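Asker: Sequence first, then the predicted structure, then my questions.
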Number of protein chains: 2
Amino acid sequence: MRDVAALAGVSLSTVSRVVNGSPPVRADLAERVQSAVEMLGYRHDLAARNLRSADRLSASIGLVIEDVSNPFFSAIHRGVEDVTRTRSVLTFAGSSDEQPDRERELTEALLARRVDGLIIVPAPGNHSYLARDAAAGVGLVFIDRPPQFLDADTVLSDNVGGARAAVSHLVAGGHRRIAFLGDQPQIFTAAERLRGYREALAEHGIREDPALIDHPAFRAGGVEARTRALLEGDDPPTALFTAQNLITLGALKTLHELDLHRSVAHVGFDDIPLADVLEPDFAAGEIAPFHAPRNSSPSREKGTETSGRPGRRTVASFAPAMTIVRAPRRCAWVSCPFTERPA
Amino acid sequence: MRDVAALAGVSLSTVSRVVNGSPPVRADLAERVQSAVEMLGYRHDLAARNLRSADRLSASIGLVIEDVSNPFFSAIHRGVEDVTRTRSVLTFAGSSDEQPDRERELTEALLARRVDGLIIVPAPGNHSYLARDAAAGVGLVFIDRPPQFLDADTVLSDNVGGARAAVSHLVAGGHRRIAFLGDQPQIFTAAERLRGYREALAEHGIREDPALIDHPAFRAGGVEARTRALLEGDDPPTALFTAQNLITLGALKTLHELDLHRSVAHVGFDDIPLADVLEPDFAAGEIAPFHAPRNSSPSREKGTETSGRPGRRTVASFAPAMTIVRAPRRCAWVSCPFTERPA
DNA sequence: CTGAAAGCGCTTACAG
DNA sequence: CTGAAAGCGCTTACAG
């Protein structure tokens, strides 16, 4: 900037005004500054600006999700980007892999870079380490799961309701031995979906069989192994409820390998790509990804939508409503990528 | 930091040394500083550090891809993150949506935040605007496509070879009317894949039919419409070569809607989720996503792998090799997310 | 409308 | 080993 000022023959203040578009500057000076900027290939340094400016806003936020390459989370990422873009805000994105240490490390690295806000899909654990930063003015929103030991804005799906609907759908198809394959139970959504599964069974007078409930590690082919064991064991389930998108994918593969995809019913929580092309097939437009073969009239549940892109369905097929939990301090710096639906 | 120094009763220099782990500092002083840091909830300001420090490294990079939520690109994003994480570098990610203006806007916003390097999937257009920054020391790598009017490190797939292999596979199955559905021809990968398609036809003495070549806009249901028109028209193709993952998905849906998925052969460039669960089915482990129904012995082509995660296949099923093009100035700040394979 | 000066939070020679 | 001082690239009252 000093070089620009020298070349244009003006003061630093004037260059600063031109570069920031602050109104009161004579046209000919502005022009001289502009051409000096171009000649020198000058780039404004936002970090230095941020250090001195009154608002101290870095125009960047941090997004901490489970995995940037999981389609569920990458769709959220896109939703966030679509909003931040309209405000000239850039997004740091990172994966916690469900590990509290990794989440904290990422979050603190983000805070050291003075992000204006943080959107976090919290891993299990204590989030009180963020209380001070939130109080200091860092925007903070949790999505998909609530934080622990911290009061903050949170956006949730109706996990219990979705799981109940899914299991009830299978029961209506005549099933009574329904397996549950979900994420680790420390994860909020997994626990809630298991609760929904249990509530649906109880509602229909079906006794729970612990042998049908499992939380396979999906990173190491655990889902495939567990699904196979379940289906090849004594007294196998006649239906599967898989409570997460990657688990659904794994179970689907095994079902096909065993050529059981036409005889074992299957409902998954979370939408998956190509759900409407799989066999058994089902009418286009239906959101329920899998159709219980014994049920001849699949229900037409409506899912909620994330992000503003048409036709994109990323929230649980069986999550009839989103809940937005507001902390006392409102989040003002970014609107939520989820659209709120009347219940 | 001033407050920390005051509370600990030491100078700013000492606090700086402790916070940065610079060796020569007395144990008791270090301890006093540490507890002052904790009492005050002090967070080191990396932006301010960056402004003054000798190396001027921000420990952050920018990733500009077509769409953060496209599975092909989000897998690359994860690969990048896995490497940057080991160096305590954070990643800004953004979507260009194939628009030159958007790419430039994003890139310049990134540069204003003084990223140490940029990984870009270039949209069509002139990239010489980056020459000055590259010369000034910003790391620069292009992936998936080469930049234009700029000499820089680039990582490419073998698009021509992959497309040739795909089309030859269909020809081997007895097909001669093979449609090409690809991305806009200004996009390097789309043009290259079209070239491979043409080369394969020529090689087998098949005359090209312009009516069978199209570049539908996949954002607005264009793929589905175009596929339908093609298949319902006079003299329809007996086989489809779709040259991009989202186009493959769209064509697949239409094929299923028309109940033609068992009679029209289909090969797609890029892996897609659930490729191994679709029907017609094919042996597990095969990378070719679709099996030409008239061909009873699908070939077992091996794809290349991106990212370090096991079982992840994101590069074209029919891209037998990656090419790494080195610009005169080597890229040293981040290793490539693609693994290089012997041809 | 313009410029000289102070200062944002930090690091880094330089003396001590 | 420690501290006082200068300065990174910028903005912002403050005079003029």
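Answerer: Received, thanks.

Asker: For the stretch 101-250 of chain A, just list every one of the helices.
Answerer: A:131-135, A:159-172, A:188-203, A:222-232, A:245-257 (DSSP state H, counting those that start in this stretch).

Asker: Can you list the helices and strands that the longest one packs against?
Answerer: Using 3 or more C-beta pairs under 8 Å, 6 or more residues apart in numbering or on different chains; DSSP states H and E as the contact test, the elements touching helix A:188-203 are helix A:159-172, strand A:178-181. For every residue, glycine as well, the C-beta is placed using N, CA and C.

Asker: Kindly report the same for the last one.
Answerer: Taking 3+ C-beta pairs under 8 Å, 6+ apart as contact, the helices and strands that helix A:245-257 lies on are helix A:222-232, strand A:239-242, strand A:265-268.

Asker: now the angle from that helix to helix A:222-232?
Answerer: Orientation note: helix A:245-257 sits at an angle of 50 degrees relative to helix A:222-232 (axes from the mean of the first three to the mean of the last three C-alpha atoms, to 10 degrees).

Asker: for the record, mean pLDDT for helix A:245-257?
Answerer: If you average the pLDDT over helix A:245-257, you get 86.

Asker: Check the shortest one too.
Answerer: If you average the pLDDT over helix A:131-135, you get 92.

Asker: That one close to chain B?
Answerer: Yes. Counting by C-beta under 8 Å from any C-beta of the partner chain, chain B has neighbours in helix A:131-135: A:R132, A:D133.

Asker: ok so, going back, using CSV, lay out the helices of the stretch 101-250 of chain A together with mean neighbour count.
Answerer: Formatted as CSV, the helices of the stretch 101-250 of chain A follow (neighbours: other C-beta atoms under 10 Å in any protein chain shown):
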stretch, mean neighbour count
helix A:131-135, 16
helix A:159-172, 23
helix A:188-203, 20
helix A:222-232, 18
helix A:245-257, 23
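
Asker: so which of those helices gets nearest DNA strand C?
Answerer: Nearest of these to DNA strand C, taken as C-beta to the nearest atom of the strand: helix A:131-135 at 13.6 Å.

Asker: if you look at the closest one, does any of it touch DNA strand C?
Answerer: No. Applying C-beta under 7 Å from any atom of the strand, one finds helix A:131-135 separated from DNA strand C by no less than 13.6 Å.

Asker: which parts of chain A sit against DNA strand C?
Answerer: So chain A meets DNA strand C at A:10-14, A:17, A:23-26, A:29, A:48, A:51-52 (C-beta under 7 Å from any atom of the strand).

Asker: quick revisit: mean pLDDT added to the helices and strands packed on helix A:188-203, as CSV?
Answerer: Output for those, formatted as CSV (pLDDT from 0 to 100):
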stretch, mean pLDDT
helix A:159-172, 86
strand A:178-181, 95
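
Asker: and of these, who's closest to chain B?
Answerer: Closest of the helices and strands packed on helix A:188-203 to chain B is strand A:178-181, at 16.5 Å (criterion: C-beta to the nearest C-beta).

Asker: what's the closest one in contact with?
Answerer: A:167, A:170-171, A:194, A:197, A:201, A:206, A:212-216, A:223, A:226-227, A:230, A:237-243, A:247, A:251 (C-beta atoms under 8 Å, 6 or more residues apart in numbering or on different chains).

Asker: A helix includes A:V64, no?
Answerer: No. Under DSSP: H, G, I helix; E, B strand; the rest coil, A:V64 sits outside any helix and is assigned strand.

Asker: Roughly how far does it sit from B:E81?
Answerer: A:V64 is 12 Å from B:E81, where distance means C-beta to C-beta, to the nearest Å.

Asker: intersection of neighbour lists for the two?
Answerer: Common neighbours of A:V64 and B:E81, counting by C-beta under 8 Å, 6+ apart, are A:A93, A:G94, A:S95.

Asker: What sits closest to A:A131 if chain neighbours are left out?
Answerer: The shortest distance from A:A131 to any non-neighbouring residue, by C-beta to C-beta, 6 or more residues apart in numbering or on different chains, is to A:L150 (5.9 Å).

Asker: Hmm, I typed the wrong one, I wanted A:F142.
Answerer: Leaving aside its sequence neighbours, A:F142 sits nearest to A:T154 (C-beta to C-beta, 6+ apart; 4.4 Å).

Asker: still on that earlier bit, include neighbour count and secondary structure when you put the shared contacts of A:V64 and B:E81 into JSON lines, please.
Answerer: Output for the shared contacts of A:V64 and B:E81, formatted as JSON lines (neighbours: other C-beta atoms under 10 Å in any protein chain shown; DSSP: H, G, I helix; E, B strand; the rest coil):
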{"residue": "A:A93", "neighbour count": "27", "secondary structure": "strand"}
{"residue": "A:G94", "neighbour count": "24", "secondary structure": "strand"}
{"residue": "A:S95", "neighbour count": "24", "secondary structure": "strand"}
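
Asker: Out of those, which comes closest to DNA strand D?
Answerer: The nearest one, if we look at these relative to DNA strand D and count by C-beta to the nearest atom of the strand, is A:A93, at 26.0 Å.

Asker: need the contact list for the closest one.
Answerer: A:G62, A:L63, A:V64, A:I65, A:V68, A:H77, B:V68, B:H77, B:E81, B:T91, B:F92, B:A93.

Asker: Kindly report the same for A:N245.
Answerer: So A:N245 contacts A:N70, A:P71, A:F72, A:G268, A:F269, A:D270, A:D271, A:I272 (C-beta under 8 Å, 6+ apart).

Asker: which residues in chain A form strands?
Answerer: Using DSSP state E, the strands of chain A run over A:60-65, A:90-95, A:117-120, A:139-143, A:153-157, A:178-181, A:213-214, A:239-242, A:265-268, A:322-325.

Asker: so which of those is the most packed in?
Answerer: Mean neighbour count (mean count of other C-beta atoms under 10 Å in any protein chain shown) peaks for strand A:239-242 among those, with a mean of 29.

Asker: Is any residue of that strand near chain B?
Answerer: No. Strand A:239-242 does not reach chain B (C-beta under 8 Å from any C-beta); its nearest approach is 13.7 Å.

Asker: what packs against that strand?
Answerer: Under the contact criterion of 3+ C-beta pairs under 8 Å, 6+ apart, strand A:239-242 touches helix A:159-172, strand A:178-181, helix A:222-232, helix A:245-257, strand A:265-268.

Asker: In PDB, could you pull the C-alpha coordinates for the second one?
Answerer: Backbone C-alpha positions of strand A:178-181 (Å, rounded to 0.1, in the frame of the first residue of the first chain) are rendered in PDB as follows:
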ATOM      1  CA  ILE A 178     -36.900 -55.600  12.900                       C
ATOM      2  CA  ALA A 179     -33.200 -55.100  13.300                       C
ATOM      3  CA  PHE A 180     -31.700 -51.700  14.300                       C
ATOM      4  CA  LEU A 181     -28.200 -50.800  12.900                       C
END
